[in-house]
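Visitor: requesting a structural model of the entry that follows:
(chains A and B, ligands or ions: 1)
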Amino acid sequence: MMDKEKIKFTDEELVARFQQGDERAYIELVKRYKDRLLNFVYRYLNSFEQSEDVVQDTLMKLYTSAHMYREIAKFSTWIFTIAANLAKSELRRLKRRRVVSIHTMGYDDSEYEIPSEDFDPEKETTSNYGEKQIQEAIDTLPDQFKTVIILREVQQLSYEEISQILGISIGTVKSRINRGRLRLQKLLKDLKVR
Amino acid sequence: MDCYSFDKVISDYIESNLSAKQKQEANEHLAQCPACSEKLADMSQLLGALRTLPRPVTRPDFESRLMARIERQKQQKESPFIHVFHEYSRVISVAAAVLLFVATSLFVYTSVVLPGSPASVPSASIRSVEPAAALPAAAAGVRPEQAGGVAEKTLPDTNRVQNPDYNSRIMMVNE
Ligand SMILES: [Zn+2]
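Guide: Numbers count the residues shown, from 1 in each chain, chains lettered A, B, ... in the order given. Here you go, the predicted structure:
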């Protein structure tokens, strides 16, 4: 009954149902968004384990703060805003810890990454650009470019959606994307030369 | 259009967001600038690579872990006292142990050490008078022995009797 119905529901209708106490609507939203959010957070943090945790925290927040959502914004931009903020503070925490662990123990926590079955970070993409190099270049992008590049190029969101998620004007989004692309290209060129 | 200006519009060029006039200017520049032509071709390839990066998926137990977390949080909200007790159980048990230790020490001190100590006459006199009034039987059995000059000899004995009890109480707290 619900299975046939739910195909018709928009995200916004599902949140409204959940706000009225329908937990199945929440589970449906989790199913729709968990991997989309993971894709974004993973490229941002470059750590599977921590990214999954951030997605869990994001969806926990959806559970506890769904009443805060107002239909003036698209649900997808609302949930991505939460994920982007959580990912940002997680990255700050990870950077601090990585610096500490490199200094004190000499290892990096990327050793603990457990990628899921269908996902192999070592796998090379079909173009001249390998995934590893691309990820390395993304990691070194300044945050203001990094977030827009991932939301646009990896997540394929529109300029308007990105502008809403980050709370910046469309003009700023456009110029950051353009500059971010050029920076990324330059970084990859430098990586190749090295 | 120069190379610098082309950089500014390269994304709009790729996404066909330029006006007819701008597009024509860009094409003219590309026709005579191999560097920008190469940059454009390379950029298109890079964007393609970004679009087709492998997509990670959450592990199969992701949802069950999430729901378990939600359940745990619900329970904590429903019983805030238990939550507080769990959070501070160590502090509470340490505080209880300290309190018991202080109370026991005080008891041992006032009932054993003070009566014999010559420096604390007021406490000793209270001890010897009040219990005698309240508990005549106990006072008749114990107090007369400890009173006066005999106290110094009976003190070590009483200590030995009192201490095992005191130690076992502390052990129970630690367990
Ligand atoms: Zn040029």
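Visitor: how's chain B carved up into domains?
Guide: In the domain annotation for chain B, the residue ranges read B:3-51, B:65-113, B:121-174 (automatic domain parsing).
Visitor: residue A:81: neighbour count?
Guide: The burial metric for residue A:81, expressed as a neighbour count using other Cβ atoms under 10 Å in any protein chain shown, is 16. Where you see a C-beta, it was placed from the backbone N, CA and C, and this is true even at glycine.
Visitor: and for residue B:12?
Guide: A count of neighbours around residue B:12, defined by other Cβ under 10 Å, yields 16.
Visitor: ok now do it, which residues does it touch?
Guide: With contacts taken as Cβ atoms under 8 Å, 6 or more residues apart in numbering or on different chains, residue B:12 has the following neighbours: A:174, A:178, B:18, B:22.
Visitor: now those: which count as buried?
Guide: The neighbour-count test (16 or more other Cβ atoms under 10 Å in any protein chain shown) applied to the contacts of residue B:12 identifies A:174, A:178, B:18 as buried.
Visitor: next, format these as a markdown table and append pLDDT.
Guide: Converted to a markdown table, these look like this (pLDDT from 0 to 100):
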| residue | pLDDT |
| --- | --- |
| A:174 | 96 |
| A:178 | 97 |
| B:18 | 95 |
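Visitor: so of these, which ones are in helices?
Guide: Using DSSP state H, the subset of the buried ones among the contacts of residue B:12 located in helices is A:174, A:178.
Visitor: from the buried ones among the contacts of residue B:12, pick the one nearest residue A:166.
Guide: Nearest to residue A:166 among these: residue A:174, at 12.5 Å, using Cβ to Cβ.
Visitor: spatially nearest residue to the closest one, not counting backbone neighbours?
Guide: Distances taken as Cβ to Cβ, 6 or more residues apart in numbering or on different chains put residue A:159 closest to residue A:174, at 6.0 Å, once the chain neighbours are dropped.
Visitor: and the one you found, how many neighbours?
Guide: Each residue near residue A:159 was counted by other Cβ under 10 Å, and the total is 19.
Visitor: I'd say it and residue A:173 touch.
Guide: Yes. Taking contact to mean Cβ atoms under 8 Å, the distance of 5.1 Å between residue A:159 and residue A:173 places them in contact.
Visitor: which stretches of chain B form helices?
Guide: B:3-14, B:20-32, B:34-51, B:62-78, B:80-87, B:89-108, B:114-116, B:121-134, B:136-146, B:151-174.
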